[in-house]
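Q: Here is my input, please return the structure:
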Amino acid sequence: MEQSTRTTTNPNRRKREPQSWTVKDIVHKVEFNILKKPKSGRDATDWPDHPIVVRSKEKVSTQKYIMFLLSLGSGVETLIVNKRDDGCEYAIDGNHRIFAKVRFYNHPLGIFKEYRDDLLFKFIEKTYEKEIHDKLKEIFNNFNYTELIDLNYRRFFKTKKFDADWYVKYMKPHVEDWDNFWHGDEHENIPSFKDLFLTKCDEKLKFTDIITPLSYSIGLTEEEERREFINLNQFKNSLTDTATSAALLTTTDFNIEDTTVETNIIDACIEYYEKRSEDELIYCHKQTRDGPLDGFGFLMGYQLWCHKRCKFIESPIDTKSNYELFFKVWRSIFNINGIDFNNSITTDNVTIFIEYIEYVMDIFTKVKLQICPEHISDKLKAPNTNSYSLAVNNTLVLITAICGFKRNNKSDKYVVKNVSLAILYHYFVGKIITKDNADMKSQKKGLETYNSLHTSYDSERLMKVCHEYYTDPDSLTRKILKNRMSEVMNILVKQSLNERYYETRTNEPNKPKKDKRRARTIFEILLWSHMFKNNVPYNLLNHIYENEHLFCFSSDWETDKKLDIDRLGNSFPIIKEINRARSNFHIKKYYEIEKEHNIDFMKYIRPVIPSNEIYDTIAIHDTKSHIINPEEYNKFCESNEQIYIDNMLNEYF
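A: Numbers count the residues shown, from 1 in each chain. Reported below is the predicted structural model:
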């Protein structure tokens, strides 16, 4: 690992002075990469162009900030800038405000789309010939601020960009209309469109002439910039933990001993910084293959590389997380506070961390196979079986516990079983519906107390709790007893019931009302998956499967009785050829079809298939199927549902 070369500056050359820059100055410096964002600078792209409401609170936007500047006629908050020995200026603080100014300068009509759509475009549609509407809209929409505000109508539309007769034919007849629209007419009570883009003070200034105050330093080192960045923002209480880490985790005094791992982490770190700077307008730091990798880059790059290999790991690019996952994992494992974080990134700790995380990756792969293997879920047409995927803090708990299991030399089989159980319990409890049911709400609350992934702590407390899972990983599932898991699963089965009376069509009373088969829940898919995994030979998964109803979905029953023909206990995936050939015939048709197609499948799921004798007590067939004993039908389905539940329980207890 290449060591960092720290910038040394003569303290006598350092100085700080007040300066003032116009917006025009800022745009020029950004355009020519004179003004840059330091490595620790915050992302500015989280300011949307237009106001949006998040959690009942309006988010700060570029449009609102520009409106504020135009109303005031000057910048208020001071930008903090340092000029390094390389001659470039670095915005220590104020990147959001710089971004907003440059963004508006580049796309004024995009930021104020209400002015564009409701005023300018409507004026164009009302005034000019229809065949040039789109062309004029495109021209104006592509203007930057200077092109828009300094527009000379006659000179611009007479240029070589347009045919010689174009101005005369389309534009010249409307010169007066444009002047009235652009400059306004007080006598006719016509407001000026141009004035919307000037300051609102007595002296109407161009946006580009608005002055921004600066605290301008000369000669600070990069490390001093980071420290000033943190000191400035501690009084604003606006820095995320990740942003603080970017400024603090500066050490490069460590090695990644595995060169393959090192290469992959550096490549991912390069991608991270490239993605992070995609929509930025100010030049941003870029990681290079030959440049030093600091602690922040190591953890960000490693998390991104792990995300590419395992979707349990959240991407640090796509998330807006206050504190990235691997920062929390590191601090939880090594029990490090924020102050000592940078000093804890040593070669020994990096080696341990990589060994732990690579083990975690392997365990997560095996957990996915344990819970719902893709080769099974694909066959069962599972509706997004990754929906049991976890929030970042849930994953944090699992990772620290897995690291603890490795530390305690537990077998992979033991670890996979416990991690899978924790995930399933967490997911199943979360799926309990409590709407308008106070008793169920209370019952769910009680069951949540045994859910180790139910995290409701602040960040610092959570990392302390996760360190406890690291030192005592068995506590991950210690409270998830068999009877509690069974209680949760039975609740989910019962809440999915949709019993109804048999209904016929209004216009065709001899035919049943058309009902759609409901989509199976992930809970049901997981029950089937475990049943398949434990009973059906792997080679039979080469077939295509369909959800079959053991008692025909098209069955009728007495109109004064309620039942759910689509309930879990009457359903199971069956090989397509068997399902289609059976149609609406008796259950014994299965075995005739197997002989015809030379398929030996039904014996593997015999526990859930009714015998001919049981079937005959519940249903009869003539031209269609009739449920003659709803009570026995429900008993049979309840028995099957318990078989599914017991099959899963026996795998974990």
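Q: make it CA atoms for all contacts and neighbour counts henceforth
A: Fine.
Q: I'd like the secondary structure assignment at the closest residue in space to Lys200 that isn't next to it in sequence, please.
A: Once flanking residues are discounted, Lys200 sits nearest to Ser71: 4.9 Å by Cα to Cα, 6 or more residues apart in numbering. Taken by DSSP: H, G, I helix; E, B strand; the rest coil, the conformation at Ser71 corresponds to helix.
Q: for the helix or strand harbouring Val350, the distance to its chain's centre please.
A: Using DSSP states H and E, Val350 sits in helix 347-371. With Cα atoms, centre = their mean, to the nearest Å as the basis, helix 347-371 stands 22 Å off its chain's centre.
Q: Show me the strands in the protein, by range?
A: All strands of the chain, identified by DSSP state E, fall at 15-22, 35-36, 53-54, 57-58, 79-83, 89-93, 211-218, 500-501, 545-549, 562-563, 571-575, 619-621, 625-627.
Q: For the residue nearest to Lys200, which residues are in contact?
A: Neighbouring residues of Ser71 by Cα atoms under 8 Å, 6 or more residues apart in numbering: Thr199, Lys200, Cys201.
Q: Just send these back as a markdown table, with neighbour count too.
A: Converted to a markdown table, the contacts of Ser71 look like this (neighbours: other Cα atoms under 10 Å):
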| residue | neighbour count |
| --- | --- |
| Thr199 | 23 |
| Lys200 | 17 |
| Cys201 | 12 |
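Q: CSV for these, including distance to Thr221?
A: Putting the contacts of Ser71 into CSV (distance: Cα to Cα, whole Å) gives the following:
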residue, distance to Thr221
Thr199, 38
Lys200, 40
Cys201, 40
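Q: If you rank every helix and strand of the protein by mean pLDDT, what lands last?
A: helix 374-377 (a mean of 59; mean pLDDT, DSSP states H and E).
Q: residue contacts, Ser486?
A: Taking Cα under 8 Å, 6+ apart as the criterion, Ser486 is in contact with Ile645, Leu649.
Q: I should have written Phe341 there, sorry.
A: Neighbour list for Phe341: Leu249, Arg331 [criterion: Cα under 8 Å, 6+ apart].
Q: same question, the one 5 residues further on
A: For Thr346, the contact set (Cα under 8 Å, 6+ apart) comprises Asp253, Phe254, Asn255.
Q: can you do 6 Å?
A: Thr346 sits next to Phe254 when contact means Cα atoms under 6 Å, 6 or more residues apart in numbering.
Q: Tell me the spacing between it and Tyr302.
A: Using Cα to Cα, to the nearest Å, one gets 15 Å for the distance from Thr346 to Tyr302.
Q: can you check His107 too?
A: Taking Cα to Cα, one finds His107 at 37 Å from Tyr302.
Q: if we can go back for a sec, quick one, which of the strands of the chain gets closest to Lys635.
A: Closest to Lys635 of the strands of the chain is strand 562-563 (Cα to Cα; 11.3 Å).
Q: Number of residues surrounding the nearest residue to Gly569 once chain neighbours are set aside?
A: Among residues not flanking Gly569 along the chain, Cys637 sits closest, at 4.0 Å (Cα to Cα, 6+ apart). A total of 21 residues lie near Cys637 under the criterion other Cα atoms under 10 Å.
Q: same check, this time on Asp85
A: Neighbour count of Asp85, defined by other Cα under 10 Å: 14.
Q: again with Leu497
A: Using other Cα under 10 Å, Leu497 has 14 other residues around it.
Q: Use 24 as the first number from now on
A: From this message on, residue numbering opens at 24, which makes the last subject Leu520.
Q: confidence score at it?
A: For Leu520, the pLDDT comes out at 91.
Q: backbone phi and psi for the spatially closest residue to it that is not a sequence neighbour, please?
A: With sequence-adjacent residues excluded and distances taken as Cα to Cα, 6+ apart, Leu520 is closest to Arg590, at 6.1 Å. Per-residue torsions, Arg590: phi -70, psi 160 (degrees, to the nearest 10).
Q: Tell me how far Glu170 lies from Thr45.
A: With distances taken as Cα to Cα, Glu170 is found 17 Å from Thr45.
Q: so where do the helices sit in the stretch 524-673 of the chain?
A: For the stretch 524-673 of the chain, applying DSSP state H, counting those that start in this stretch gives helices covering 545-558, 599-605, 612-620, 635-641, 653-675.
Q: how close does Thr286 get to Arg312?
A: Applying Cα to Cα, the value for Thr286 to Arg312 is 8 Å.
Q: And for Glu378?
A: Separation of Glu378 from Arg312 (Cα to Cα) stands at 23 Å.
Q: Next: Ser498.
A: Counting by Cα to Cα, the gap from Ser498 to Arg312 is 42 Å.
Q: Is it possible to get CSV of the strands of the chain that adds mean neighbour count and distance to Trp201?
A: Formatted as CSV, the strands of the chain follow (neighbours: other Cα atoms under 10 Å; distance: least, Cα to Cα, whole Å):
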stretch, mean neighbour count, distance to Trp201
strand 38-45, 14, 30
strand 58-59, 24, 38
strand 76-77, 8, 36
strand 80-81, 9, 36
strand 102-106, 23, 39
strand 112-116, 24, 41
strand 234-241, 19, 31
strand 523-524, 14, 68
strand 568-572, 19, 67
strand 585-586, 17, 72
strand 594-598, 22, 70
strand 642-644, 18, 81
strand 648-650, 20, 77
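Q: Could you measure from the residue at the greatest distance from the centre of the chain over to Asn203?
A: Farthest-out residue of the chain from its mean C-alpha position, per Cα atoms, centre = their mean: His210, at 54.8 Å. Distance, His210 to Asn203, by Cα to Cα: 11 Å.
Q: The helix holding Val373 vs helix 545-558, what angle?
A: 90 degrees (axes from the mean of the first three to the mean of the last three Cα atoms, to 10 degrees).
Q: what does helix 370-394 rub up against?
A: Contacts of helix 370-394 (Cα under 6 Å, 6+ apart): Phe277, Asn278, Cys426, Val439, Ser443.
Q: Write a PyMOL command that selects only the buried members of these.
A: Here is the PyMOL command that picks out the buried ones among these, judged by 16 or more other Cα atoms under 10 Å:
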select buried, resi 277+278+426+439+443
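Q: which of the contacts of helix 370-394 lies closest to Lys87?
A: Checking the contacts of helix 370-394 one by one against Lys87 (Cα to Cα), the nearest turns out to be Phe277, at 44.8 Å.
Q: What score does the closest one have for pLDDT?
A: Note for Phe277: predicted pLDDT of 94.
Q: Please apply the same query to the one 4 residues further on.
A: pLDDT, Asp281: 94.
Q: Give me the neighbour count for it.
A: For Asp281, the number of neighbouring residues by other Cα under 10 Å comes to 10.
Q: From Lys612, how far out is it?
A: As judged by Cα to Cα, Asp281 and Lys612 stand 61 Å apart.
Q: swap in Thr388?
A: According to Cα to Cα, Thr388 stands 40 Å off from Lys612.
Q: likewise Gly207?
A: Distance, Gly207 to Lys612, by Cα to Cα: 84 Å.
Q: picking up where we left off before, tell me which of the contacts of Ser94 is nearest to Arg139?
A: Closest approach between these and Arg139, by Cα to Cα: Thr222, at 18.0 Å.
Q: I figured the closest one hits Asp232, correct?
A: No: using Cα atoms under 6 Å, Thr222 is not in contact with Asp232, being 9.6 Å away.
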